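J.: just the structure for this:
(one chain, ligands or ions: 1)
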Amino acid sequence: MSKTIIISNRLPLQIAIENNQLEVTPSVGGLATGLKSFHKDGDSVWIGWSGLTKEEIPEGLLDEVQKKAKKENCVAVNLTQQEIDGFYYGFSNRTIWPLFHYFMEYTESDSNYWESYKKVNQKYADVVLEHYKEGDVIWVHDYQLLLVPKMIREKAPEALIGFFNHIPFPSYEVFRTLPWRDEVLEGVLGADLIGFHTYDYERHFLSSVSRILRHQTDFNEITLPDRIVKVDSFPMGIDYEKFEQAALDHYESTAADQSELQKRLNHHLESTPDAKLILSIDRLDYTKGIAHRIRAFEYFLDNNPEFIEKVRLVMLAVPSRSNVPQYRRLKREIDELVGRINGKFSTVSWTPIWYFYRSMPFENLIDLYTTCGIALLTPIRDGMNLVAKEYIATRTDHTGVLILSEMAGAAHEMNEALIINPNNFDQVAQALKTAFEMPKEEQIERNKMLQKRLRRYSVEKWAQDFMKSLKAMKENRDSFKSI
Ligand code: ADQ
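T.: Predicted coordinates:
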């Protein structure tokens, strides 16, 4: 029986060591949810890193990790600290991540990182090949594994391979600056189907392939000497029902069930007539435009003092990649900005910014989504931005205003949001004012349209569409051979 092999940098599991015992909990992330219909008993295997380096796992527990993973139909790729430093913190997050998000000044070209990236990609590919049988379908995910499709194809020329890139693909003029641009493109072209969130990323990729590798590209097909590769856009959705249901449960819960956070949020709204909370949630990443957002909020308060004591920015930044210097610098910059702005505007009964630097449990995330009347999401660049979609899905009474950067992939599907350029503070301030004053009927009208679309194109549908297109490539190949 053929199966699906999913490969991503991390497994959809969280493994921790407590008192020399392994604790495994399934991850609830979007990718894990989206692929669950393909990742069920016997039908599929998921290959990725467990999140613990070889050095972190006590000698006697190495096999145990693999056993625990197997129970969830997963296979752990064992990586050393040195490999994680070079491949993940190095090439993935200091070269590809900044370059693909147009932060060229942050992009490092270190050949040691590149060597590590190649070696570790080969490690993932080797584990895939150990589990691959003819007829299996292989789906590789994201920028950490750009070379894996070719590495698999070299040993299994007949394999049906899909690749999905979760981050933007930059324009040719930016991508061409990468010293290893040919190898990276050739690596991805090992796939039969290459997916992006938006048509723009797809177009940028095709243009790089045609100008750097000089392959013939027609519409969304690339002609290689021995194969056709298809490139297409598949905008990733969310588990709509999960967020909708969580919001409905939240509204039904009694006051006694409320979290501390919810009580504090309610207190702010009840104590200030016409008050509104503005929500901001992201991983702490320079691509998310958090520092810009705080400055834009300052600009808004400077120019619209009538909103003092009426609005509060509730800002959640989830710690991320703190081994990379830019992330540490950004953390300091945000700490300083929040301190300065709170010092500048606070009154005895009000602080303009509530800042949380931590990961929060799902229930608190729902508290924030359901209680904040405005969401302000202003990435400088973002492949998609699922937070924007999750916010809308939880607005079960259809109220709430989403202000979204045009630089997020999600903006292409969410025209009813207030779409802004995050670098234009006048525009952000105007959008905040518009959001604050928007009549309920207009909010409802806009959100109903957004919700209809998000419900229809869920993460499950996204995964099904990708798989359907990938399997169609196989049928094309078979019929081509039989002519
Ligand atoms: P991310 O950059 O991580 O993803 P995003 O798409 O917004 O960005 O997803 C973040 C996820 O983390 C959301 O599902 C959200 O619910 C969750 N989350 C946020 N804050 C949390 C918290 N405090 N605690 C727990 N969970 C939290 C990358 C790309 C994006 C692309 C996705 C999917 O950078 O552009 O949309 O992959 O392809």
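
J.: what does this protein have sitting close to the ligand?
T.: When proximity is defined as C-beta under 6 Å from any ligand atom, the chain approaches the ligand at 30, 166-167, 236, 281, 283, 316, 318, 359-360, 365, 382-387, 390. (Each C-beta comes from the backbone N, C-alpha and C, glycine too.)

J.: are any of these buried, and which?
T.: With neighbours counted by 16 or more other C-beta atoms under 10 Å, the residues of the chain next to the ligand contain buried members at 30, 166-167, 236, 281, 283, 316, 360, 365, 382-387, 390.

J.: and the residues you listed, which is the shakiest by pLDDT?
T.: Lowest pLDDT of these: residue 30, 70.

J.: surely it and residue 458 touch.
T.: No - contact between residue 30 and residue 458 fails when scored by C-beta atoms under 8 Å: they sit 10.4 Å apart.

J.: any residues in contact with both of the two?
T.: With C-beta atoms under 8 Å, 6 or more residues apart in numbering applied, the overlap between the contact sets of residue 30 and residue 458 consists of 238, 239.

J.: ok so, going back, with the buried ones among the residues of the chain next to the ligand in mind, which one is nearest to residue 140?
T.: Using C-beta to C-beta, residue 166 is the member of these that sits closest to residue 140, with 11.4 Å.

J.: look up how far residue 31 lies from the closest one.
T.: For residue 166, the distance to residue 31 equals 8 Å [C-beta to C-beta, to the nearest Å].

J.: which neighbours do the two have in common?
T.: Residues touching both residue 166 and residue 31 comprise residue 141, with contact defined as C-beta under 8 Å, 6+ apart.

J.: least confident secondary structure element in the protein?
T.: Sorting the helices and strands of the chain by mean pLDDT, DSSP states H and E puts helix 30-34 at the bottom, at a mean of 75.

J.: quick one: mean pLDDT over the next helix or strand after it.
T.: The first helix or strand that comes after helix 30-34 along the chain, using DSSP states H and E, is strand 44-49. Averaged over strand 44-49, pLDDT sits at 95.

J.: check stretch 336-353 too.
T.: Along stretch 336-353, the predicted local confidence has a mean pLDDT of 96.

J.: quick one: buried residues of that stretch?
T.: 337, 338, 341, 345, 350, 351, 352, 353.

J.: what sits against the fifth one?
T.: In this structure, residue 350 makes contact with 272, 308, 309, 312, judged by C-beta under 8 Å, 6+ apart.

J.: just these: which has the poorest pLDDT?
T.: Looking at those, model confidence by pLDDT dips furthest at residue 272: 80.

J.: local confidence estimate at residue 143?
T.: pLDDT, read off for residue 143, is 97.

J.: contact partners for residue 56?
T.: For residue 56, counting by C-beta under 8 Å, 6+ apart, the contacting residues are 17, 81.
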